[in-house]
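Engineer: generate a structure from the sequence data that follows.
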Amino acid sequence: MSERDIIVPSVRVKEKSVFSLDDLYEMLILWFEHHRYDFQERGYKDEDLGNKKHVSVRWYSEREINDYIKFVIETNFVVLGLEEVEIESGGVKRKSNRGEIELEIRAYIIKDFSNKWETGFMRFLRGFYDKFVIKSSIEGYEKELYEETYAYTDEIKSFLNLHRFKS
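Structural biologist: Here you go, the predicted model:
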């Protein structure tokens, strides 16, 4: 069975403000494309509460580094009290959203994701391979995923702070 090394167990970003949920979606999907991740939306649920709604979303994104290592970033977010508002920016009125958004981001490395090293003696060799042959490479990959995850988190924070409007 493949092995997961959790690099970033949980990072949370929480904001209550006016922001465009559509623009946030687009920006995050473009971030994954730019960093060559395969992106999947694994869950979407919204609950209508009259003129407001609650939205929850689960995303899974992965990138194969080589035939042994895969990076995974999972993003779960919830928006409470999401409502449409009209904002004025640069003298132009446009529709946006207001609500409380909370994102949780986890990142991990999957080793031997195709289970080539899974049976009998190969499992023993995999332990040796991980600990002695490619140990420094794995440490480099861990650092790379850690930095990517925090760059992703910083993008989200910047977006939410830069796209604050008064309704």
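Engineer: mean pLDDT per helix and strand in the protein: which one sits at the bottom?
Structural biologist: Within the chain, no helix or strand scores below helix 120-128, which has a mean of 83 by mean pLDDT, DSSP states H and E.
Engineer: buried residues in stretch 13-27, which are they?
Structural biologist: 13, 15, 17-21, 24 (16 or more other CB atoms under 10 Å). C-beta: built from backbone N, CA, C; applies to glycine.
Engineer: can you list contacts of it?
Structural biologist: Stretch 13-27 is contacted from outside by 55, 79, 82, 85, 87, 96-103, 105, 153, 155-157, 159-161, 163-167, using CB atoms under 8 Å, 6 or more residues apart in numbering.
Engineer: mind listing which of those are in helices?
Structural biologist: Judged by DSSP state H, these include 153, 155-157, 159-161 as members of helices.
Engineer: what's the most distant pair in those?
Structural biologist: Across the ones in helices among the contacts of stretch 13-27, the longest distance by CB to CB is 12.6 Å; it joins T153 and N161.
Engineer: neighbour-wise, which of the two wins?
Structural biologist: T153 (19 against 11; other CB atoms under 10 Å).
Engineer: which residues does that one contact?
Structural biologist: 11, 13, 105.
Engineer: the second one: which element?
Structural biologist: For V13, the enclosing helix or strand under DSSP states H and E is strand 3-19.
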